[in-house]
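Enquirer: The amino acid sequence is not available; the structure is as follows:
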DNA sequence: TTTTTATTAAACAAAAATGTCAAATATATT
DNA sequence: AATATATTTGACATTTTTGTTTAATAAAAA
């Protein structure tokens, strides 16, 4: 393992993430990853020993990052609606660059066991859920199980970007037509989830 | 290729679909598929010549089936709300048995080109979208681009089931707790999408 | 400059997955 | 029952992917 840091290790991980999360090549080979990083396949082994270890590391980092992103939004020092908007902004941006990240995580959890991740869970969710509950009591949100509110929120945020190729095909929409369609997703989501007419 | 029909060919396809769509093993090997079907790997080659051809056939069938399911719901002889409920029922049932079908389709479209599917598109969507528009004009639905209504609908239907393992982990929910949560999904979706309090 | 150390690469080895073929088994037909 | 045909299998071959080793290159330290 290297002691000096030339950035190659991070470059390889970043390239792997690009292939896996951005392009949706969920089983990119070591060769493809090395090519994407512009290094030889041997370097990949030098830094990570095996494909499995590289994938495991990428998985762990993605899981950790997701959890932290979630926490950062939910713990931010804002009123509820501000937190919500922050969360939407953050996750929409993330989905735009890495639409297949969640898909990767889930398929990994399916093929491998869940041993890898048993450490990870998002703490601040509970507090945020309390806030959601309060907002419902205040009549600002439709009353429902606060977990469902969150799941609905993430559904509306993520799914359209994950399944874009499928719906472009089924609905016969061009790339541009589709982009226009989901262009103001934030507004759409807020209108749907908040009990207001003007958000 | 066989002339008599002993069901083996269908059995192999069904087993492949179970692995791919139900268990989310998006790159099941020929051996795994053959094992799941209880036949030898050679039979798989006898019927499909190669893994690629088997996958292509499964892909095509799934795409076709999806499109037809969509059409059947949208063309059904019911008032709008009936169609909508029918569609929700059909797709929720489908998601319960094959949660990773859409994921498979999309990742295939990403790795392979889109040449395979250029024939497939859902015709009756356009008519249904007209109906959606009418309902909006009548004030029964929040006004928005009708395509967005559809995409929101599918998001709420599919995403929670696709990402179940991830959210169980992040929210620290048991299988039962999660099932309870999304138990009455239909009611939830209708409440969210329709401009009524009692659906 | 030489010596050490980190990094990369090319060649090779091993493993895993796919694909082929000839023979065996089962099924139907006469 | 004998023959023909459909189906399945086991053994082998090929290809693809992964992993290792050894030597070359580049960078830093002495």
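Expert: Perfect, I can see it now. Small disclaimer: the values here were computed from a predicted structure and weren't measured.
Enquirer: contacting residues around residue A:147?
Expert: Contacts for residue A:147 were tallied using Cβ atoms under 8 Å, 6 or more residues apart in numbering or on different chains; they are A:129, B:171, B:173, B:181. (Glycine included, C-beta is placed from N, CA and C.)
Enquirer: and residue A:144, which of the three is it?
Expert: coil (DSSP: H, G, I helix; E, B strand; the rest coil).
Enquirer: I figured it hits residue B:189, correct?
Expert: No - with contact defined as Cβ atoms under 8 Å, residue A:144 does not reach residue B:189; the gap is 11.2 Å.
Enquirer: Neighbour count: the two, which is higher?
Expert: Neighbour tally, residue A:144 and residue B:189, criterion other Cβ atoms under 10 Å in any protein chain shown: the higher count belongs to residue B:189, 22 against 16.
Enquirer: Show me the shaky parts of chain A.
Expert: Along chain A, segments meeting pLDDT under 70 span A:1-6, A:113-116, A:118-119, A:196-199.
Enquirer: Quick check: residues of it near DNA strand D?
Expert: Proximity of chain A to DNA strand D, by Cβ under 7 Å from any atom of the strand, involves residues A:4, A:29, A:30, A:31, A:41, A:42, A:45, A:49, A:50, A:51, A:52.
Enquirer: Which ones among those residues map onto helices?
Expert: Of the positions in the residues of chain A next to DNA strand D, A:30, A:31, A:41, A:42, A:45, A:51, A:52 sit in helices, assigned by DSSP state H.
Enquirer: now the residues you listed as CSV including neighbour count?
Expert: Output for these, formatted as CSV (neighbours: other Cβ atoms under 10 Å in any protein chain shown):
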residue, neighbour count
A:30, 18
A:31, 11
A:41, 16
A:42, 10
A:45, 15
A:51, 16
A:52, 10
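Enquirer: got those as JSON lines, with distance to DNA strand C columns?
Expert: Formatted as JSON lines, these follow (distance: Cβ to the nearest atom of the strand, whole Å):
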{"residue": "A:30", "distance to DNA strand C": "11"}
{"residue": "A:31", "distance to DNA strand C": "11"}
{"residue": "A:41", "distance to DNA strand C": "7"}
{"residue": "A:42", "distance to DNA strand C": "4"}
{"residue": "A:45", "distance to DNA strand C": "8"}
{"residue": "A:51", "distance to DNA strand C": "11"}
{"residue": "A:52", "distance to DNA strand C": "11"}
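Enquirer: now, the most widely separated pair of those residues?
Expert: Pairwise distances across these (Cβ to Cβ) peak at 16.6 Å, for the pair A:42 and A:52.
Enquirer: quick one, whichever strand or helix holds residue A:191 and helix B:185-193 angle?
Expert: According to DSSP states H and E, residue A:191 maps onto helix A:185-193. Going by axes from the mean of the first three to the mean of the last three Cα atoms, to 10 degrees, helix A:185-193 is angled at 110 degrees with respect to helix B:185-193.
Enquirer: Identify all contacting residues around helix A:185-193.
Expert: For helix A:185-193, using Cβ under 8 Å, 6+ apart, the contacting residues are A:84-85, A:88-89, A:92, A:141-142, A:149, A:152-153, A:156-157, A:160, A:199, B:142, B:144, B:148, B:152, B:192.
Enquirer: Mind checking which of the contacts of residue A:147 are in helices?
Expert: Cross-referencing the contacts of residue A:147 against helices under DSSP H gives A:129, B:171, B:181.
Enquirer: Thank you, goodbye.
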